[in-house]
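J.: need a 3D model of the sequence below.
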Amino acid sequence: MVTHVRHSGIVTDDLESSLKFYRDLLGFEEVRRMEESNPFIETVLGVKGVDVTTIKMSDSGGGQIELLYFKSHLEKRSKREINDIGISHVAFTVDDVNKLYGQLKKSGIAFISSPMLSDDGGATVAFCRAPEGTFIELVEMM
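T.: Just a heads-up that it's a prediction; the model follows:
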């Protein structure tokens, strides 16, 4: 049985832009960087000849994401829609969604809408797109 969610993996085609977003703008800390190109990673991922940089990043509460940059198998970026089948977004709890919204907008991050209070009044929420296209939900609990 699952004991907790370990991390979410996010594939990027521009590692520096993703690091700027997750580390510099959202405050994740890089905790481990690995260059992986070996039989173990080929077998686990099922990708022959794989050469991937993986970067584990942690938030202040211990939640983790993992950035993956496939140097050997860089695929063409496809634009996802919020209602596509599969994982649709990653949600992060934030201290001040309005302040973060302003900072991210100034940095060129695209939003679906400005922050809005949920119907039940329990949270203020905004959705944006990370540089690699992942939908990010920013949630401030009220």
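J.: tell me what whichever helix in the chain runs longest is packed against?
T.: For the chain, the longest helix by residue count, based on DSSP state H, is helix 97-106. Applying 3 or more Cβ pairs under 8 Å, 6 or more residues apart in numbering; DSSP states H and E, one finds that helix 97-106 contacts strand 123-129, strand 135-141. Any C-beta I mention is one placed from the backbone N, CA and C, and that applies to glycine too.
J.: next secondary structure after the helix or strand bottoming out on mean pLDDT in the chain?
T.: Sorting the helices and strands of the chain by mean pLDDT, DSSP states H and E puts helix 39-45 at the bottom, at a mean of 89. Where DSSP states H and E defines the elements, the next helix or strand beyond helix 39-45 is strand 52-58.
J.: so which bits of that following strand are buried?
T.: Neighbour-count burial for strand 52-58 flags 52-57 (criterion: 16 or more other Cβ atoms under 10 Å).
J.: just confirm Glu36 contacts Thr54, I think it does.
T.: Yes: using Cβ atoms under 8 Å, Glu36 is in contact with Thr54, at 6.0 Å.
J.: so how far is stretch 82-93 off the chain centroid?
T.: 10 Å (Cα atoms, centre = their mean, to the nearest Å).
J.: buried residues in that stretch?
T.: Here stretch 82-93 shows 89, 92 as buried, counting by 16+ other Cβ under 10 Å.
J.: ditto for stretch 31-40
T.: Under 16+ other Cβ under 10 Å, stretch 31-40 has no buried positions.
J.: start and end of it, how far apart?
T.: End-to-end span of stretch 31-40 (Cα to Cα, to the nearest Å): 21 Å.
J.: then stretch 107-121?
T.: Start-to-end, stretch 107-121 (Cα to Cα) is 29 Å.
J.: which residues sit against that stretch?
T.: 21, 25, 82, 97-98, 101, 104-105, 123-130, 135, 138, 140, 142 (Cβ atoms under 8 Å, 6 or more residues apart in numbering).
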